[in-house]
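I would like the atomic coordinates for the input below:
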Amino acid sequence: MSEYFKAGALLKEKRGGDHVSHKHAHKKKAIMDFISKLNCEEPHYCRGKTKRYYLPAELSINKLWLMYNNSQTDNLKVKKSYFRNTFNQNYNLGFGSPRTDVCSTCLQFSEKIKIEKDNNVRNKLLINQRIHKLKANAFFGYVKEEQSDLLTLSFDCQKNLCLPKTPDQSAYYSRQVNLFNFTIVQGSSKSKLEPSNVFAYCWVENSFPKASNQIASALYHRLQNTELDGIKTVRLIADGCAGQNKNTTVLAMCTKWLAEAPRHVKTLEIIFPIVGHSFIPPDRVFAQLEKEIRKREIIANPDEYYNIIKDFGQVITLGESCKVFNWKDEAARVMKPVGRWHFQFKNAKRYILKRSKKEGNVLIKGNIHYKHDDGVFKNVNLPGRLSINLQPAEISPTNKISESKASDVRKLLINHYGDNWHTIERLNFFVPLISDPSDEMQMMTTQNTETIEDVMCEPQEEITSMLI
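Residues are numbered from 1 along each chain as shown. I've put the predicted structure just below:
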């Protein structure tokens, strides 16, 4: 109280609190100086503005602590716990994983720049590397773009899902039935991934192959069943796989749909990325799916895959909920061969479609660059053929797989479930796909007999030389 009357303030409480950290401030500063000199990288699939950076995968906190202590004098060395607390509390750093799908062009530039000694050549490499990355960023600008009158659909195929999925080691050497997942995501890369805007078109290889007809049919179904009120531009984004996405089959389907679309839809764009830089929203869906699939030891039929996919999107089965049409043959009947088009089909990164003044027809323009409009709209149909006249025939699903694959799947099922595998209800999917074993044995016996006869017809000298 006497201190209060003298100074006008109460005494400062000295009991408790931190009386130690200031003694080690010089050590903390030395640690932070050491960490700040480390080379950090943004994640390979960096999305938007991120504040988290990653150190090389071969490092760890323990290794960093040893490196720090080895580089400091005794008065600045610290315990591992003190170094760990400083690292975790003051930095948002992680340790990356080795990259597996890096762009080949980017790697070539990096390696050439490292070993190049001529400054002029090295500067040219740096310029070309910069241009390459700017092109990749220009593509991602389209993926991120959001407008009230713009509808963006990005699509891709997941890696083949095997049936049956078992932990049996014999599965590694066995051919299996493939289930295909073609996913379409509605919205930009900034959109939240929900079942309402993720559409998984699934089918098994015994029904249809994975080809351009199936991709075009799924896209056509999605475009027809998407709300288009107030939409003036529809943008399709996919990787440049020629067998599935970047082909006349998909373009023909797009011209057909635009010719029939509501009049307020003015243009349709198809945009492909720079090779090696094709991370789009479906890849985020696939990452989540594969994480869940890894948790399942056994997946014995397509329905079990569908139940996993339903947690992330709407499952639409090709051949049932979505019809498959022969767009490829119909495109050849209506459209000119690619060699007669007015732009280089392979080199174009953007295709823009708009209606022609001629009712029922659509014009196409191909741009090689993302920002520069270097193409012109022209008709690519054969004389007298209109886009609206495309009438692809429906393709019926089959129920067959190759004999060699059927044999491998049968052996795998017998190894894992026993000779009576066909009595297990969970495996009913495979019963109609696999031929009778007795038929296979008869076929193998016939083949072996023919092989022996062929050998016996050879001259004795050649047989002797073969045995030797």
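
quick one: mean pLDDT for stretch 281-294?
Mean pLDDT, stretch 281-294: 92.

buried sites along it?
Pro281, Pro282, Asp283, Arg284, Val285, Phe286, Leu289, Ile293 (16 or more other C-beta atoms under 10 Å). C-beta coordinates here come from the backbone N, C-alpha and C atoms, glycine included.

distance of the residue nearest to Lys349 when sequence neighbours are not counted relative to Ala252?
Closest residue to Lys349 apart from its sequence neighbours, by C-beta to C-beta, 6 or more residues apart in numbering: Phe272 at 5.5 Å. As judged by C-beta to C-beta, to the nearest Å, Phe272 and Ala252 stand 17 Å apart.

so between these two, which is more surrounded?
Neighbour totals were compared for Phe272 and Ala252, and Ala252 leads with 26 against 20 (other C-beta atoms under 10 Å).

okay, how far is it across stretch 183-197, tip to tip?
Start-to-end span of stretch 183-197 (C-alpha to C-alpha, to the nearest Å) is 10 Å.

now it: buried residues?
Buried-residue list, stretch 183-197, by 16+ other C-beta under 10 Å: Thr183, Ile184, Val185, Gln186, Gly187, Ser188, Ser189, Ser191, Leu193, Asn197.

farthest pair in those residues?
Longest distance between any two of those is 15.7 Å, between Thr183 and Ser188; criterion C-beta to C-beta.

ok, back up a step: is it possible to export the buried residues of stretch 183-197 to JSON lines including secondary structure, distance to Ser207 and pLDDT?
Converted to JSON lines, the buried residues of stretch 183-197 look like this (DSSP: H, G, I helix; E, B strand; the rest coil; distance: C-beta to C-beta, whole Å; pLDDT from 0 to 100):
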{"residue": "Thr183", "secondary structure": "strand", "distance to Ser207": "18", "pLDDT": "96"}
{"residue": "Ile184", "secondary structure": "strand", "distance to Ser207": "19", "pLDDT": "96"}
{"residue": "Val185", "secondary structure": "strand", "distance to Ser207": "24", "pLDDT": "95"}
{"residue": "Gln186", "secondary structure": "strand", "distance to Ser207": "25", "pLDDT": "95"}
{"residue": "Gly187", "secondary structure": "coil", "distance to Ser207": "29", "pLDDT": "92"}
{"residue": "Ser188", "secondary structure": "coil", "distance to Ser207": "32", "pLDDT": "92"}
{"residue": "Ser189", "secondary structure": "coil", "distance to Ser207": "32", "pLDDT": "89"}
{"residue": "Ser191", "secondary structure": "coil", "distance to Ser207": "31", "pLDDT": "90"}
{"residue": "Leu193", "secondary structure": "coil", "distance to Ser207": "27", "pLDDT": "91"}
{"residue": "Asn197", "secondary structure": "coil", "distance to Ser207": "26", "pLDDT": "94"}
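
what is the nearest of those to Gln176?
Thr183 (21.2 Å).

how much space separates the closest one from Asp303?
18 Å.
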